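Asks: can't give you the sequence, but here's the structure:
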C-alpha cells in the first residue's frame, strides 16, 4: 500500500521513557513537553471514579453510553451559548478529527493548513488520500497569519480549512474578524472550517456560540488540557445541526469509555478548580517569560498553557536533550512542519517546577 506521504505523529516524551533512558526516579522528572495541566484533574474526579469503581452496581463489562448523552447534556448546561448547534464527543479530539476526515474528505480533495501548527491535521488529510496545502507563517511576523494571501488560497479545490486558535506550537491567536472572513470565503467555495480550540480556556475566548450562525464552522474542544484528563482521552466538538445525522453514520460506536464520560462531566462542573488552574498558569507563564527574557531568549507571546522561544544557536534538539539529562522534558518544536530552527515549547509548570527549570537553564547557559 502506498503511504501517500503519510508521516508518523511524534508525541512528547513520557516520564517512563525518560526514567528508563536516563535512570531518574519517575517522581523526580519534570514533564513539560505535552501541555497537560500540571495540577492534574479536579480532586472531585478521582473521588467520583473511586466511588464508581467501588459501587457493586457498576459493571466494567457493559458498553458505555453509545452517544455520550449524559456528558453532552452537561456540556449544553455549562455552555448555553451553543444554542441550536449539535455537540458530539469522542476518544480525544484526535478521534473527532478522524471522523470528520471520513465525513468531509475524499481522495484528491485538498485541505488548507497554516504552519507551523498541530501535525495531526496533515495526518488526517493524508489518511483520507487528500492533499494538504500548507500556508507558511513567519518568525519575523510573530507567526501572524497573512490574511489576504491566506484567503486567496481558499479555492474550490479546498474542502476543509484547519485553524488552531490559540495555535500550537506558537501560542498566538486569531481575531474573530479574521476567522469570520475565512468562514465567509470558505462558504463561497463549499469548504468547511475546523477551528481547534484545545487551548481556548487559557485565552478565555471561545467561538462555540458562532456555530449556530455558520453552516460551515466546526469547533473542536478537549478535556486533555485545562481539565487535566489527558490520560482518559476525551474530546468534544460543536458542529452545525445539519451535519449531525451524517456524522453519526461514520462515528465509531461506543467511542468514549464510561469512566472518561463520568470524569469529564465531573471536571466540567468544578469551575472553581478550573479557575485555580488558570490563575496558576498565568502566574507561571509571566514568571517564565520574564526570566527567559532576562537570559536573552527570544520568547513569543502566548495565550496558552505553554510558551515558545528560540534555543541558543537555534539548536532546539540539543537544548532539549540537555534539559532531558537534568530530568526536564521540553518539546523540540522545530520538528513541527514549517517551524523555525531552534523553536522550543515549554509547558507552564507549578511554581516549584518553573523555578527548577530556570535554574537549570541558567546552569546550562554558564557552560
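Replies: It's in. Note that the structure is predicted; figures quoted are calculated from it, not measured.

Asks: what residue ranges in this structure are flagged as low confidence?
Replies: Applying pLDDT under 70 to the chain flags the ranges 1-4, 365-367.

Asks: Find the residue closest to the spatially most central residue of the chain in space, skipping its chain neighbours.
Replies: Residue closest to the average C-alpha location in the chain (Cα atoms, centre = their mean): residue 198, at 4.0 Å. Distance criterion Cβ to Cβ, 6 or more residues apart in numbering; nearest residue to residue 198, sequence neighbours excluded, is residue 222 at 4.8 Å. In this view, the C-beta of every residue, glycine as well, is placed from N, C-alpha and C.

Asks: Residue 93 is in contact with the one you found, correct?
Replies: Yes - between residue 222 and residue 93 a contact is recorded at 4.6 Å, counting by Cβ atoms under 8 Å.

Asks: can you list contacts of stretch 277-285?
Replies: With contacts defined as Cβ atoms under 8 Å, 6 or more residues apart in numbering, stretch 277-285 is touched by 37, 39, 201-202, 204, 226, 228, 302, 305, 307, 348-351, 354.

Asks: Out of these, which sit inside helices?
Replies: Judged by DSSP state H, helices contain the following of the contacts of stretch 277-285: 201-202, 351, 354.

Asks: Return a PyMOL selection command for the buried portion of those residues.
Replies: Applying 16 or more other Cβ atoms under 10 Å to the ones in helices among the contacts of stretch 277-285, the buried members can be selected in PyMOL as follows:
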select buried, resi 201+202+354
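
Asks: Same list, the ones in helices among the contacts of stretch 277-285, but as TSV with distance to residue 23 please.
Replies: As requested, the ones in helices among the contacts of stretch 277-285 are exported to TSV (distance: Cβ to Cβ, whole Å):
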residue	distance to residue 23
201	36
202	34
351	27
354	24
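
Asks: Could you list the domains of the chain?
Replies: Per automatic domain parsing, the structural domains of the chain span 15-42+271-365, 43-269.

Asks: wait, which of these is closest to residue 6?
Replies: domain 43-269 (5.1 Å; Cβ to Cβ).

Asks: so how far does that closest one reach from one end to the other?
Replies: Taking Cα to Cα, to the nearest Å, domain 43-269 runs 12 Å from one end to the other.

Asks: Can you show me the strands along the chain?
Replies: 30-31, 86-90, 110-115, 131-136, 158-164, 192-196, 217-222, 235-239, 306-310, 328-329, 331-332, 343-347 (DSSP state E).

Asks: follow-up on the earlier one: out of the domains of the chain, the one nearest residue 8 is which?
Replies: Between residue 8 and the domains of the chain, the shortest separation by Cβ to Cβ is 8.5 Å, and it involves domain 43-269.

Asks: angle of the longest helix along the chain against strand 306-310?
Replies: For the chain, the helix that runs over the most residues, judged by DSSP H, is helix 271-294. Inter-element angle recorded for helix 271-294 and strand 306-310: 10 degrees (by axes from the mean of the first three to the mean of the last three Cα atoms, to 10 degrees).

Asks: Can you give the distance from helix 271-294 to the centre of its chain?
Replies: Chain-centre distance of helix 271-294: 18 Å, with Cα atoms, centre = their mean, to the nearest Å.
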